[in-house]
Each structure stands twice: as C-alpha cells, then as structure tokens.
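Novice: Coordinates only, no sequence provided:
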C-alpha cells in the first residue's frame, strides 16, 4: 500500500491541480515528478538519486506537502554536475515506476498511480520503522460524508467500457452521477466517445474534459440559450430536443452565435416524460432541423427510464421498446431521413443494450458508483456499490432504533424504485435500513436484528439513489478498504 502526493498537470486545463491521497496504516511511499528534460530516457534514475541526495535527512513528503514551489526551490541553482554527484547520500531510495500520457488516481494494470504528461513517476520509499503524520482513517472524517471505493469504481468503469466495446456500441456516459472531471477523464481514457450532460453547468465543467458533449435537456429560454452559445466553440455540441419551439429557439441562437449544433430528436418509447410519441411528429421535427442553416440532424435519442424490472425479467419491456423504436426508425428511413445516431440506454437496462435493435450509442450514468436500486434489480452486485455514505450514530435512546447524522440532506429522500422500504441499507447489516429521515437525522430500524450500535460508532449506508447523494455534497472521499486515499470536489454540482 502506498501514499502518493501528486502534482498533476491536467492536459485540458491550464491550472495545476494537486491531489493528496492519504495512505492506510503501514508502509508509506511518495511519488514525485521530475521535469520532462530530466526524465529523458537513460537520465531519469541518476537525476532521482541526486535529488534525494539534496534532500539529505529531509522527508520528501514534508517537502512535497509545501507544494511544487518548495520542491522547485530545492532544485534551483543545482548544476547538472552537482546533481550527478550529490554532497551526501540520502536515506531515501527511489526508482522510476512508469510513464503514461494521462493522470489518474486509479490504479492501472501495474498498480501505480499519479502520472502526468511528459514526466517520470518516482516511488520514494520511507525507511522501515518511520511513521507519517499524514496517516489517517475514517475516524478523522467529519460525517456525514460520501465515500467512493476506488477499486470498485475502477471495476465498474472497466466493465461498462468492455461491454460497449464487445457489442460495438459507442459509450457516451451521463456525468449526472459523478459530476467529476476526474471520473469523466477515466471514462474517456477507457474509450468513451463523448459525454452526456443534463445542465449547462455540467456542460461548462465537462467541456474541459471532452470535445464532444450531448446536452440531453432542452435549453428553453433566452438566458439558457445565450449561456449555451458562450461555451467554447471548440466543443462539438449536440442537443436533444422534442418540440418545434425548442428547435426554433436553438436555431436562432445558433445563427446569432454563428455556430453549428448537432440535434437529436427525442422519442418517447414508454417513459412518458418527454419525447415525441408518433413517427410522423419525429419526421416533422427532423425536416425543421434540416431547414435551419446552423442545425445539423444527427439522429434520434430516447431514455428507457420506465424499465425498472429486474435485469433477468426485462425482456417483455425491451420487446415493446424494440417495436416502438423499429417503427420510428422505419418511418424515418422510408422518407430518406435515416438517423446516423440512435442514442439510448440507462444503467438498469445497460447490460441488455445489445438486445435493442438499431441502437448505436448508450448513455448510462449510475453504473460508475451504483446504489441500492441498481443492486436490487440485478444491474450490479452489492460488491459493485462504490458509493457509501459514512455516518455517525448520534442517539440510541429510542428502543429498537439508532439515529445517525445522515438525514435527507445527506442521503436524499427517494423511495426505492423496486421492492423494499427505506432510504438506504447499512453495509454489513442487510436487515437494517434507514427507515425514516428528517433533514439531519436518519433513523435505523433495528427491530429485525440483534445488532446494536453504540453512540459514536461509524456506519456506512448504501443509498437508494447515488446521483442525489453526490449532488448534495461538495466533495467525495476516495478510499481503499478502511484507508482514505484521496478526495475530489463535486465540480459540476449546481446549475
């Protein structure tokens, strides 16, 4: 197990971001960066050894915690000759681990973290028997706080990317669940064709990570359209719409901005929330799009959010969806308006997407973290739930009940969409649910268990709906086992 203090240069952002993952109790390591010239082939190891020599007895961790400026100051004025012949050997040892073209706090095949473009990564091992002041665990965290199991997150990302590739489907994940540039970067690394967003703020944040974004929400009104047109022109922007009014407004805004926009016509294939219900209406909207100089007809899209059956029992609902979709596609093809893109999908239906005829692109979101709902319907196993909310027991005064400090403002108040009561389930106690909530209190129903937590005990809750939980918090904590490894802001939270 290792600690990595990483100064990471994001390839899409001009600013430098510092991630400070924190280790479990045990062996501690530090990764530091050389500059591109010093990291050239054949010269990196000598440079590293000399750098450590200049540190002398100083802990590299202590230096790095002061930021890159402190490390650069240490190196300033050091001639190549001095670096090759340090004044004294260091008690620290290090070696180049690998090079890679994109930063990642998640492990790759060889298990190392913290890389940046054009530099070497070094692991710097602390001498045996010495401890680190940065060691931490869950007891140092102020609750309630969302935890992300990094290993589960990685497996979830890999699994969906592999599924899409296996079935020849473009993966355009919806970022509404994680709202994080870091996680979006991991999705792009794994082959995502672009990203899906629901709010303008999400588009603004994610435009730093992807050059291809679908806004799956009609931008109705002058203020929204003006803001949308101000987003970087280097972004390939697609919008999903379902009305003549929405198309007219977007067309005028695009003409004023002298900007080309791809448009997908949204279909209602059973959700009954938005989308046109008749093929003739879809044809009419496509023709309106094609008549607009700055709009480009890209295809059609839908959201099968009405399908909440267990994954093993979705076939009847998928058959009905297939029939409705085939009718829409057939009519568009008949009049010479065949869609280039057929975009759909959700996490509950994700693993059956290959059964949907004509589908070219899927847009699942929840799969990155999963939650109680996806586990209950078989869209994931319980050990795939990467998101939990860490909470503290604050009262046990009422018999057969324990109260935690995670209420509706931490867990969200959404009933389970499948069979089952409550707003979350306690990890390790499958019979204990958050049966009721107020804003700052969650009531654990202990009537069906002999488990009796004490005041001050920490519990982890798998929420009903991961997307709501992330949106309620400013940051999330990345963990491995019981170790706090990193944290990142929920950057796309807000409007």
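Specialist: Thanks, I have it. No experiment lies behind these values; they were computed from the predicted model shown.
Novice: what sits up against stretch 399-414?
Specialist: 143-144, 389, 391-396, 423-424, 434, 437-447, 452-453, 459, 461, 463-465, 468-469, 471-473 (CB atoms under 8 Å, 6 or more residues apart in numbering). All C-beta spots, glycine's among them, are computed from the backbone N, C-alpha and C.
Novice: Show me how to select, in PyMOL, the buried members of those residues.
Specialist: Buried subset of the contacts of stretch 399-414, written as a PyMOL selection, criterion 16 or more other CB atoms under 10 Å:
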select buried, resi 143+144+389+391+392+393+394+396+423+424+434+437+441+442+443+444+445+446+453+459+461+463+464+465+468+469+471+472+473
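Novice: Looking at the contacts of stretch 399-414, which are in helices?
Specialist: Judged by DSSP state H, helices contain the following of these: 468-469, 471.
Novice: in the longest helix that the chain contains, what counts as buried?
Specialist: Longest helix in the chain, counting residues (DSSP H): helix 315-334. By neighbour count on 16+ other CB under 10 Å, the buried set for helix 315-334 is 317-318, 321-322, 324-325, 328-329, 332.
Novice: do the same with stretch 241-259
Specialist: 241-243, 246-247, 249-251, 253-254, 257.
Novice: roughly how far out does it sit from the chain middle?
Specialist: Chain-centre distance of stretch 241-259: 30 Å, with CA atoms, centre = their mean, to the nearest Å.
Novice: Give me the contact list for that stretch.
Specialist: The contact list for stretch 241-259, computed with CB under 8 Å, 6+ apart, reads 218-221, 225-226, 228-229, 233, 237, 239, 260-261, 263-268, 274-276, 284-285, 288-289, 292-295.
Novice: number of nearby residues for the closest residue to residue 195 other than its chain neighbours?
Specialist: Spatial nearest neighbour of residue 195, chain neighbours left out: residue 210 (4.7 Å); criterion: CB to CB, 6 or more residues apart in numbering. Residues lying near residue 210 (other CB atoms under 10 Å) number 24.
Novice: which phi and psi does residue 210 have?
Specialist: phi -140, psi 150 (degrees, to the nearest 10).
Novice: Isn't it up against residue 193?
Specialist: No. Counting by CB atoms under 8 Å, residue 210 does not reach residue 193; the two are 9.2 Å apart.
Novice: that older thread, residues in contact with the residue nearest to residue 195?
Specialist: Contacts for residue 210 were tallied using CB under 8 Å, 6+ apart; they are 184, 188, 192, 194-195, 235.
Novice: Now, the residues you listed that are in strands?
Specialist: Judged by DSSP state E, the subset of the contacts of residue 210 located in strands is residue 195.
Novice: Now the two most distant members of the contacts of residue 210.
Specialist: Maximum pairwise distance in the contacts of residue 210, criterion CB to CB, is 15.1 Å, between 192 and 235.
Novice: higher neighbour count, these two?
Specialist: residue 192 (23 against 18).
Novice: how far away is that one from residue 411?
Specialist: Using CB to CB, to the nearest Å, residue 192 is found at 29 Å from residue 411.
Novice: And residue 276, by the same measure?
Specialist: From residue 276 to residue 411 the distance is 36 Å (CB to CB).
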